[in-house]
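Enquirer: My questions are about this predicted structure, shown below with the sequence.
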Amino acid sequence: MSTEKEENDGNTGFIITAIIVSLLIIGLWFATYYILKDYDDKGTIGDMFGSINALFSGLALAGIILTILLQRKELKYQRDELKETRKEFETQNETLKLQRFENTFFNILNLHHQIISEIDYTYYKNKERGGGFKPLNVNEEKEIVTITGRDVFRFKYNSMHSTIKSSPDLYASIYINTYNQSQTDFGHYFRNLYRMIKLVDETDFFYNSFSTPKEEIFKIKYRYTSIIRSQLSDYELLMMFYNCLSEKGNEKFKPLIERYSLLKNLSRELLPVESHINLYNEGAYSPKHKYGTV
């Protein structure tokens, strides 16, 4: 506000000064004309006013210089205005970019929960009988059992736990066999989970990412992947652990797990083989990164 007032005051002073100087020049010209019109030797007397001409020439030059300085000041104000406009544009652009990202992110997160709720697995088990004598070689009656949601992850993990424990080097093939038994549900689940993490990893959160410190960019991405990690149950993490050691996720998914410490909350005591922990690098379990501790 004060800058605008000072600018207006300066422009008014310049206009007043220009008017006074112009009137002075015109007045002196008329005065000189009336003084000299009755003299015969006007040339000699006119030479006496050479200094006045030089003065007016100097004033004209000073006026030009003053005009240049004022124009330079005006250009500076315009440059400052453009900088402020650009900053405002960048801020608005970053806000819109973040809003678009969050809309997509939370929609995929909601889809993730929907996928989990729609996962089901049906198996048969022997019906429980009461006490008493049971003859040999009698066919047991079966009952259908259907489990849904996160219970499927627990059931499937427990079903392969003892097999991996007895054959620790065959963990990948054992997992693939378990995966194929529920391929449709697990395939949909892990593809959506991978896409959600990949979305965070590939998003540029700043208008000018080149001038933003990489540490700051990583911290923002880590914050969103932490939201994803907090949505995963113990058995989801355990299934993801072996999924990304198999051909289903070893190439693309596993590096993201290690980058964003998605196994930070893994229940290690539930692993069938403790040494399998070493199949991932330290970044998968610890929020330490080359850009610093988060």
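Expert: Right, received. Where do you want to start?
Enquirer: Just give the closest residue to the residue nearest in space to the middle of the chain, not the sequence neighbours.
Expert: The centre of the chain sits closest to residue 205, judged by CA atoms, centre = their mean, with a distance of 1.8 Å. Counting by CB to CB, 6 or more residues apart in numbering, residue 205 lies nearest to residue 220, which is 5.1 Å off, once chain neighbours are set aside. Every residue, glycine included, has its C-beta placed from N, CA and C.
Enquirer: Could you report the separation of the one you found from residue 79?
Expert: Noted for residue 220: a distance of 31 Å to residue 79, by CB to CB, to the nearest Å.
Enquirer: Looking at those two, which one has more neighbours?
Expert: Neighbours were counted for residue 220 and for residue 79 using other CB atoms under 10 Å; residue 220 has more, 14 against 10.
Enquirer: Helices of the stretch 1-150 of the chain, start to end?
Expert: 2-36, 42-47, 50-118, 150-166 (DSSP state H, counting those that start in this stretch).
Enquirer: ok, the residue nearest to the centre of the chain touching residue 218?
Expert: No: Residue 205 lies out of contact with residue 218 (CB atoms under 8 Å); the separation is 10.3 Å.
Enquirer: what touches both of these two?
Expert: Residues within reach of residue 205 and of residue 218 at once, by CB atoms under 8 Å, 6 or more residues apart in numbering: there are none.
Enquirer: can you count the residues close to residue 157?
Expert: For residue 157, the tally of surrounding residues (other CB under 10 Å) stands at 22.
Enquirer: That should have said residue 227, apologies.
Expert: For residue 227, using other CB under 10 Å, the count is 13.
Enquirer: That one belongs to a helix?
Expert: Yes: under DSSP: H, G, I helix; E, B strand; the rest coil, residue 227 sits within a helix.
Enquirer: Which pLDDT value belongs to the nearest residue to residue 124 once chain neighbours are set aside?
Expert: Spatial nearest neighbour of residue 124, excluding adjacent residues (CB to CB, 6+ apart): residue 142 at 4.4 Å. pLDDT, residue 142: 74.
Enquirer: gap between residue 142 and residue 153?
Expert: According to CB to CB, residue 142 stands 24 Å off from residue 153.
Enquirer: Those two: which has the busier surroundings?
Expert: Taking other CB under 10 Å, residue 142 and residue 153 do not tie; residue 153 has more neighbours (26 against 11).
Enquirer: The more buried one against residue 237, yeah?
Expert: No: in this structure residue 153 lies outside contact range of residue 237 using CB under 8 Å: 9.1 Å.
Enquirer: residues in contact with residue 264?
Expert: 229, 284-287.
Enquirer: which of those residues tops the neighbour count?
Expert: Most surrounded of these: other CB under 10 Å gives residue 284, at 22 neighbours.
Enquirer: Good, we can wrap up now.
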